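Q: Please work out how this folds:
(2 chains)
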Amino acid sequence: MAVAALEQEILTLRKRRQLYSLIGLLLVVAVLVSGYSKSNDMNSGGFLQGLSKFFDYPGEIVVEAWEAGPAFFGLIIQYIPAMLETLNIAGVATLLGGAMAVVLAMASTRNVDSWGPLIPVVRRMMDIMRAFPELIIALFLIFVLGSSPVPAMIAVAFHTAGALGKLFSEVNENIDRKPIEGLSACGASWLQRIRFAVMPQVAPNYLSYFLLRLEINVRASAILGFVGAGGIGQELRRTIGWGKGAGDETAAIFVLLFLTIMLIDQVSSYLRGKLVGAGRAH
Amino acid sequence: MAVDTLNEPVFNRETVFQNVRRRAWVTIGVPLAILAYLTYTWFAFGVPNLLAKAEPERAAILATDSVAYKVHVTKLLRRDIMEVAIEGERRATYDAEDLPEWVEVDGTDAVVDLGKGYEITITGKVMEFAVPDYGTIKVTATNSGVDTELPPGPVPEWIKDDPKKFDARPTLDRRVQVTRTKIEVHNYFGGWENFWFPFHSELYGMSFSQLWAIALSNERIDPTQSNMSLIMHDFLENPDWQHGEVFIALFETIMMAVLGTITAALFGLPLAFLAARNFTPSKILRFGTRRLFDFLRGIDMLIWSLIFIRAFGLGPLTGALAIAFTDTGSLGKLFSEALENIDNKQVEGVRATGASQIQRYRFGVIPQILPVFVSQVLYYLESNTRSATVIGALGAGGIGLMLVETMKTSRDWENTSYIIILTIVVVILMDQTSGWLRRKLIEGR
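A: Model (predicted):
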């Protein structure tokens, strides 16, 4: 009897699970179908008309780039300084944001003996910093400081500090406390414990996340350039604004951006693989 | 083994010293390199120049404007009329019988009490401004410009005296401007004006309990519709704040993020099988799929959205597709890595029961990668909500575009701060929801 009852129970459980999966699936399908039809209505151009035109623009700039011939490579080289500016924005923002994230992470993890009352405050602070879309800070600072790379840099750094701070503090939570206890037994101060017991344990993971963030930030800085923060994005906006005839320059910027992002992606995933061991890099 | 290590110590003095020396170099070299890089960018970004040109007063004005509103008392000299209006807008003009108590209008003359002893008297074409601790400023509008009579002594910084235009702002919340065509006094108040209902709505200035009573009462204010719908209509159609449009824009942004992420996940998963070593023996197919992922990711959301804007016009569809294309690459790569790391034992166990290929995938593979799948999709959903605001600003629409537009017109900064606050609230909500879902689905609580 007991076995039969158990079997019955398993059966009901399985049925209920299948029902939940079905409901979940239906929900996703409903969201997709209604969402796409709704957004198709809201769009100024429809999907079906657009589909036929989809390759027009890429085709147009490819043709113009092809017509430019060898001069195309000259164009690519011409835009390298702008690309470098975007990379600098990302680089400085990641460095400053990362440095701030280390401070925030060390102040918000119980596991590394942060000061108790500070922990929830810093955590909420990081939540808010992460939630600020870069765009908002960048636009605000562009208004105050004028069009330049600095607003974008500050905006990206601000967001980076929050995002990396959270990841860093998760790393801190998983470290081995024995070295910290060993050091405090010899009377080390908090800073000394952080430096000699925590840092050596977390450094590889920190660096790995840092590189991942650099990758993300290069993309973000390119986009922010488009709203007026300098770098390759601004050049792109200019050439696109010219409309027909500047297709070769637009194509040159696309190619340069693509190559740079790919290069940084590959280098960073290779380095991350080395830092934390293959398979754990993500 | 142990004896071997005893006989030949792995670390001799020389290697230890070498290591220590290398460490020392790194400890000094890395910070120096970073410092050098920062110095280089300091000049490459033109920071000194920027600091010289920065306009901190713009930030101050902006900050006051985003938490305060002003009431204009304007005398139009050509037509000889006096107007009192919130933000100087026609649709928010006070009636002559119902002026705020700090303004006294007598025909076309007026006395404006700005508080704390600041008082402005407008008589004909003459404006007299009594400023405590300074004296009385007398400005007369003439046919060619303005004549100013200042009290003796040096001219303070807050007065901009120009033959064409006189402008005085002794404190952040009191300002007067005189040109040959008009005299305009600004009096600032804290808060967001007309936030709930338009100035001329019957509901203007009502408290929540009053509104609640009206919503439930039978007597219709407007005979054509119920009170409930009148309240909703007046709130959503508020011309100053455009609540309705802001909510639609927010909805568009969320839709872009949700549609884009789900689409990317649905396309990324099957493609990930093609890119995983243990599922696709064909090297060419694997290589092709991986390069496709790299290509989709490398093009970047910026370029994808520009291409899609050309093809599909402005709107959430464009944004959703741009997100979907980029993230099919990112999610596909992540999923394929997860697939390569699965435990083969479960698959073999399922195979031993005589399961077909589809069944092996369904019961041997999917349960193993489901946690990675769900958590990554939720992470991307969260970050895509932020990306969707940025793509919107490029022209895809939604709250991003609205933000850029209100900032560009810079008419009224409280609108901008309203949109900013709503955006951040939405992002935080998405963040919390996805965190909650992740805990619920993966940890089972």
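Q: ok, B:Leu422 to B:Val246 distance?
A: In this view, B:Leu422 and B:Val246 are 7 Å apart by C-beta to C-beta, to the nearest Å. (Glycine included, C-beta is placed from N, CA and C.)
Q: just B:Ile420 next, same as before
A: Separation of B:Ile420 from B:Val246 (C-beta to C-beta): 11 Å.
Q: tell me, what's touching the two both at once?
A: Here B:Ile420 and B:Val246 share no contacting residue, scored by C-beta atoms under 8 Å, 6 or more residues apart in numbering or on different chains.
Q: In the chain, where is pLDDT below threshold?
A: Chain wasn't specified; assuming chain A. A:1, A:243-245, A:277-282 (pLDDT under 70).
Q: oops, I was thinking of chain B
A: B:1-10, B:88, B:90-91, B:193-194, B:198-206, B:215, B:221-223, B:410-412, B:444-445.
Q: care to break it down by domain?
A: Here the domain parsing of chain B from automatic domain parsing is B:2-44, B:68-190, B:243-442.
Q: winner for burial among the ones you listed?
A: domain B:243-442 (a mean of 20; mean count of other C-beta atoms under 10 Å in any protein chain shown).
Q: Next, A:Ala65: secondary structure please.
A: Following DSSP: H, G, I helix; E, B strand; the rest coil, the label given to A:Ala65 is helix.
Q: what's around it, how many residues?
A: A:Ala65: 21 surrounding residues under other C-beta atoms under 10 Å in any protein chain shown.
Q: Report the contact partners of it.
A: Taking C-beta under 8 Å, 6+ apart, one finds A:Phe72, A:Gly247, A:Asp248, A:Ala251, A:Ala252 in contact with A:Ala65.
Q: I'd like the distance between the second one and A:Ile253.
A: Meaning A:Gly247. For A:Gly247, the distance to A:Ile253 - C-beta to C-beta - is 11 Å.
Q: Show me where the chain has its helices.
A: In the absence of a named chain, chain A is used. With DSSP state H applied, chain A shows helices at A:2-42, A:47-53, A:56-68, A:71-78, A:80-106, A:118-131, A:134-145, A:149-173, A:178-185, A:190-193, A:199-224, A:232-241, A:247-276, listed in chain order.
Q: wait, I meant chain B there
A: Along chain B, counting by DSSP H, helices occupy B:2-7, B:13-44, B:47-53, B:56-67, B:208-216, B:227-236, B:243-275, B:283-312, B:316-340, B:344-352, B:357-360, B:366-391, B:399-409, B:413-442.
Q: Check which helices and strands the longest one is in contact with.
A: Using 3 or more C-beta pairs under 8 Å, 6 or more residues apart in numbering or on different chains; DSSP states H and E as the contact criterion, the elements in contact with helix B:243-275 are helix A:2-42, helix B:227-236, helix B:283-312, helix B:316-340, helix B:366-391, helix B:399-409, helix B:413-442.
Q: thinking again about what came up before, between B:Leu422 and B:Val246, which contacts overlap?
A: Shared contacts of B:Leu422 and B:Val246, defined by C-beta under 8 Å, 6+ apart, are found at B:Ile399.
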